Every structure is written in structure tokens, then in C-alpha cells.
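Trainee: Here's my sequence, what's the structure:
(chains A and B)
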Amino acid sequence: MNSGYTGKFLYVNLSSGESRELTVPQWFKNAFVGGKGFGLKLLYDLVPPKCDPLGAENILMFMTGPLTGTLAPSMRACVVTKSPLTGTLLDSYFGGSFGHEIKYCGYDGLIITGKAAAPVYLWIDDGHLEIRPARNLWGKDTLETNHLIKENLKDDSIKVASIGPAGEKLVYFALVSCEYNRQAGRGGAGAVMGSKNLKAVALRGRQPVKVRHQKEFLAAVELAYHDLKNSPDIRNLMQTGTASSVPFANENGVLPRRNYFDGTFDNNLEISDFGQNRDMWLRNEACTGCPVHCSKVGYIRSGRYRGTVSDIVEYESAAMLGSNLEIGNTKAVIHLAHLCDLLGLDSMSTGGVIGFAMEAAEKKSLPEMKASGYEIKFGNIQAAEALIKAIAHREGTLGNLLADGVHRAAVKIGSPNEQIAVHIKGLETPAWGPRGAPGIALSLMTADRGGCHQRGMPLGEELGGLPWKGHTVDRLAVKGKAEIVIHHQNYLAALDTFVKCDFGTFGISPRTYVKLYRTCTGHDLEMEDEAWLQNLGAKIWNLGRLYNLREGLEPAQDTLPHRFRQPLPSGPCKGHRFTRNDIDSMREEYYYLRGWTKDGIPTEELLHALHLARGKTFSI
Amino acid sequence: MRKVICTNFDLCTGCAICQLICSEMRSGGTNPRLALLKIANQGLVHRPVVCAQCQNAFCLKVCPNEAIYRNKHNGAVIIDQEKCNGCGLCAEACPIDMILLDKQKNTARKCDLCGGEPLCVKYCPTGALELVVIPGGENNE
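Mentor: Below you'll find the model as predicted:
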């Protein structure tokens, strides 16, 4: 029966070379839906407890949702694995066309385990799998790998996911570059891929994705288009992508500068849509099935970086490689972000790590003060570039030190550097310095994959004037934020099973999302739409919590880095900071409303209510 | 009167919504590879490629079964699925590769302008596909 699903996973063991198709059971689809839900359940059931994230037994999954590959707008797919950076769960989302092609190949997901004896890539042509040698690709950058595979297979319509040198060298924040230049960026999925000697996955599928009720589904698609069209946020994204968030964050005093020391940056417009549009952008670019086209494409026409062809530098990368390093030169920031993409580095973590290195150098506590002869200091573009290359190739003392991420690097070079290491649970924080925005701080503290911007930040309520339950939110209040954060975390976790794009959620309403899901799958829901989404999200979120606790997460890690406990020196949030008490009371309120014990553990009653206690297990 | 789809590569974002709706309605499920139009990647741009509904249509000329004919009202070149035996000569003759061979049904398929109101044009979010109506003119065949 048509349902948006293909009903099959492709399982590949790279150690033995064995592969087979697994049936996706109905109970599994009903309970965990897709994407994040599938991924976390499989992570819990299939990955041995406490396994080495870079060991053969870790599993690398590419998961789609029921709506991926259909006409439902703004849908993506995700990589799910155990993160080498945090040692806990990792779900990393990517747009483009690779996720759609997994479905067209006939699969709801790819489950890859083991380790190949030598570099390989997977070639999946409809239902046919080949494990091919990748010696000639090893060492190549992400996009060159993409092009070489297409050349080799004589078809430029093939969709490729690849790692760069950073993934091969097991840089803990290496990414997976998905067709085309769309990143499963955070948490080191690229290192897991590299640890399996897996350079790339290439796909070509000719199978149609069929929905259950075509007419009703197309009506829901029309509704989603309508929702998107009528959203001012979406209209803004269509014009400027996320780059226009730079001046917004600057005005709110949450734009990181000098390793988050401060929250505003004089040159903010240069690294925003203003500078990028002037110096690079030529046209709009969209992911498959998305009318929003938030990406912009163009090339640098003059100067040192002339000829660089690049996508938009979205907000997170612009801030982390720009203002955070005190680099206000538009073309330089484009160049640095592009370099990260090619080498296969998460540009967010890279910006965090280099910001840390620049501050440590300023404090004379870095083992080396120069990179390729350039003095490591804020604002030095050449030093930033040299560090990016050294990290990606794990070259020299600094390259090796910083490739392990900011947390491990700080521990290694010792106190007091841990105080300038800005991370949560090992994941470098996103470009939202939360001082003066406690709800954002709480969402970062409690995000399931570590310091992450995609886990329910109440940006709208706290900074954008959106009401919560009919009332304006007191931006600076510490109390009362947990309820908002939990609502958003659950909502987004539910939609991450479909698998939505964050930006689509700015326009598409909850009811429309559920309509798309129902008409696509034919799954009858016994609950009202929004209650069902909240319940599904809570289940997924708690499953993630159980996994993280199993892997050794300590509740004390639900906290903020030292930097955010120091007062902001200037800007609209001057003087704001989080005290121990602030952090403790926010955490306490959050645990209580989550139904967790004081130690942050989900109670038996909660697990029963969410059907997580004594549930079925997926086995291979 | 003739109708043709005009393509504007400068406006194409590569979103493939045109191909998704085409395959959904014409092939029973979404997949750009099953659509009756293509998007070619050329340097910095995406270039939509659609059937030109040629006035001197090679596909129509080479068909040994007289399965290909022209719609008198809109000029679209159409494959009669009853007469087509899937020999593939039309696909071989098309200079812009716009004919899809359906191996399961053993027939050839091509764009028929959805009867005059193409869904790809209707769904294109940016105006990269436009329907152009050219008045008058007799067809060559």
C-alpha cells in the first residue's frame, strides 16, 4: 500500500562486505515515523552501549522521513550516529537532493556499519549495491570527489555524499557534504564516515515515491505553499537567506565577537546579506522540492579570492568565521567558509575552535603562537586560513590539538583555558551568545546533541516580540522559559521525523504539517494534531535522553560554559550574565516540567505514558 | 495557435518542483527521473530543458506506427499510447532527449502540455517556466 515510505532499509557491513535489505515494520513506522525517530531508535537498539564512536561497531545512518522525496515542500534527510565530539547522540540534517535520492533508490534509510579494509565508496544504482575502491578519491576535497565519481560513472545526475580530508583524518567536527554542497555539518558525522574508510556514497534511483491519498495530499501541498507565501519570515529568507540575521543578532547583542567575549560587531553589515549580495550573489538556489530558495549562488569577481564560486554564507558560518574571529572582510569570510566546505569541516565548530585558539594565543597559553608564519590573533585572516588547513589535515601540534574540538584542546593545554572553551557537552556552541536571552540559554543547555541552535531556541518569543499563550514574554526573566523551550523542542523533534527543514517551520503551520503526514501515509491519528505532535516529540526527546544517559551523560553537563557566566562588556545586553543560581533554577524548572527526576532522569511513569518502557526492539 | 513552454534559466533555482509534479501526475509518483522535462546543470546555472513541441518534429516523422500526432488546438506533439509499441525510434531521433521510454509498459512518453495547461508551469515558484501562446500559423506536417 502506498504511504510515502518505501518500506525498506539498506544495511551494509563494510567489514564483511555483507549487505541486505531490511523490512521496515509497521509498528516501527507508526511509533517512530522517520528521520530522527528512526535514527534514535536504531541507535539505541543497534549500537553497542559505550562503543567507540570511531570504532567499527558504531553505525552511520542516512535516514529519510515519509515526506522526503514527495512534493511536500522543504523536506530534508539526516545523518544519525554516535558523535565523536560529544560521545552522545548525533542527528545532523542536510538539504539538497541526496535525501530524496535515497527514496528514489527504494530505501527509507541506509544503515552502514563496520570498517572497510581500504578506502571505498558505495554505489547504489536503484536496488543494486556495489562497494567500489576509492583509493583515487582519498585525499580529494568534498566537491572534487563529487565530480570525480560522476565522471567515473559517466552520469552527472548521480547524487553524492562525500567527506573531505578532514573526515579522512578523523577531525572530530568533520562533516558529510551532500549533493550539492549541503552539509550534514555538526558533531563529526564526517569523522565517523572516515573511520569506516568510507569516502562517499553515490546514488541513482528511478523509483517513484507514492503517497496514499494523492488528491488530498496535493491539496495539503497547496496549503503548505500558501502558508509559506504568506509568511513574512519566509519572504525574508527568499530575499536574503539567513545572512540578514547578522544585523538582527547584532542589534540584540547576541552576535559573538572575539570568542563570544562580546555581543556586537561594528562590521556586522559586511558579513551579512548586505556585503555578500554586493560581492558575490548572482542568483537563488533551492533544495529539491522547496519553493523558498534561501540559498544564493555567485562568485567573487575581484581581489585575492577572485573566481571563488560559492553558496551563501549562512548566518551561523558568517558569525562564527566572521564576527567571532573579528574578521569583517566579506570576501575573506566567504573564502574561509568555502574552504571549510571543501576540506569537509563544520564551519561553526571551526569558527569556535579558531576563536578559542586566538584568545588562548592572546593569553600566551597556546603551544604555538603562529600558524604557517602568521601570528594567531583576532582579525588575522591568513592565520585563520592556515589554521583551517592545519586542522583539516591534522598537521603539526596546533592542527592536531584543535582537530579534537575546543573541549579536548582546552583540557589538553590545561587550566585556565577551560574557561575560554565555549562548548556545551563538547559541541562548540552556535552563533547565539545567550547573555540577555535566558530562554535561548536554556535551549542550548538542554539540547540533545550538545550546544545546538536547532533545538527549540525561543528566538521569536524572546527577541522577536511573539506572544506566548497570548502574553508578551519578559525577555530577561529566568523563570517561565522552560515551558516555551520544551514546547519548541518537542515540536521540532516531531517534525524532524518527517524530515522537515527548520526554515519551512517559519511558514508551514502545525495543522498543515499533520495534513501532509496523514494524507501521505494514511496513518490515522487518535489525537488532535498539535497534541499528537507534542506527544511524538516528547517520545523522541526522551528516547534521546535515555540514549545519552546510557552513554554516560551527566546531568551536570546541562549547563552553560564559563564565558556566559561573565558579564557582557558592551552593547544592548551590557552587564548581563548567568549566575550559578540562574542556571540551576532554569535546569530545575526544565527537569520538573519534562517529568524528569532532580537528576535529569525520565521517570518510569513518563516512559510508560510515552510507550517507551518495555517497547519493541529493532534487530538485524 | 501554438502553445510552447518558454524556459528562463536565470530564474531557475533547481528546486525540481516542475519535475516532481510532472512525475506525480504522469508517472504515478514523484521522482525527477520519471518527469517529462529535465534540468541541466551548466556552470553557475540550472537550465530547464522542455519539449519544444517542434514544428518540424523528428519524433513524429520517424514513428513507424503513426502513433505520434499533433494536437490541432495547441500544437502539442502527442504520443498515442494505444498505437505506441515502445520501439524507441522517436527517443533516438529527438535531438534534445525529451522522450522517456517506459520499460514496464513498453511505451514511449513525452510532454503533451497537460492538455494545454502544463502543471510544471503552474507549479514553478519563480517564473522560470512560462507558457507562451503563439497566434496563427499552420503546422508543417
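Trainee: in chain A, which residue is closest to the centre?
Mentor: Geometric centre of chain A, nearest residue: residue A:92, 4.1 Å, by CA atoms, centre = their mean.
Trainee: how far away is that residue from residue A:83?
Mentor: Computed as CB to CB, to the nearest Å, the residue A:92 to residue A:83 distance reads 9 Å. C-beta: built from backbone N, CA, C; applies to glycine.
Trainee: before we move on, back to that, where's the residue nearest to the centre of chain A, which helix or strand?
Mentor: If you go by DSSP states H and E, residue A:92 is part of strand A:89-94.
Trainee: Next one: that strand, is it in contact with chain B?
Mentor: No - on the criterion CB under 8 Å from any CB of the partner chain, strand A:89-94 is out of touch with chain B, staying 15.7 Å away.
Trainee: That strand - contacts with which helices or strands?
Mentor: Counting contacts by 3 or more CB pairs under 8 Å, 6 or more residues apart in numbering or on different chains; DSSP states H and E, strand A:89-94 packs against helix A:35-46, strand A:77-82, strand A:176-178, strand A:182-184, helix A:529-550.
Trainee: Which of those sits closest to residue A:474?
Mentor: Checking the helices and strands packed on strand A:89-94 against residue A:474 by CB to CB gives helix A:529-550 as the closest, at 23.9 Å.
Trainee: State the mean pLDDT of that closest one.
Mentor: The average pLDDT within helix A:529-550 is 98.
Trainee: how far is it from where the chain is centred?
Mentor: Computed by CA atoms, centre = their mean, to the nearest Å, the chain-centroid distance of helix A:529-550 equals 18 Å.
Trainee: Toward the C-terminus, what is the element adjacent to it?
Mentor: helix A:580-594.
Trainee: now the angle from that following helix to helix A:529-550?
Mentor: 120 degrees (axes from the mean of the first three to the mean of the last three CA atoms, to 10 degrees).
Trainee: Check what contacts the very next helix or strand once past helix A:580-594 and list those residues.
Mentor: With elements assigned by DSSP H and E, the helix or strand that comes after helix A:580-594 is helix A:604-609. With contact meaning CB atoms under 8 Å, 6 or more residues apart in numbering or on different chains, helix A:604-609 is reached by A:542, A:546, A:594-596, A:613.
Trainee: Of these, just say which sits nearest to chain B.
Mentor: Nearest to chain B out of the contacts of helix A:604-609 is residue A:542 (CB to the nearest CB; 33.4 Å).
Trainee: Apart from its chain neighbours, what residue comes closest to the closest one?
Mentor: Using CB to CB, 6 or more residues apart in numbering or on different chains and skipping the chain neighbours, the partner closest in space to residue A:542 is residue A:602 (4.9 Å).
Trainee: Quick check: beta-bridge partners of that neighbour?
Mentor: Counting by DSSP bridges, residue A:602 forms beta bridges with residue A:596.
Trainee: How about the residues of chain A by chain B?
Mentor: Residues of chain A lying near chain B by CB under 8 Å from any CB: A:2, A:69-71, A:73, A:97, A:104, A:156-157, A:205-211, A:214, A:218, A:225, A:282-291, A:293, A:297-299, A:309.
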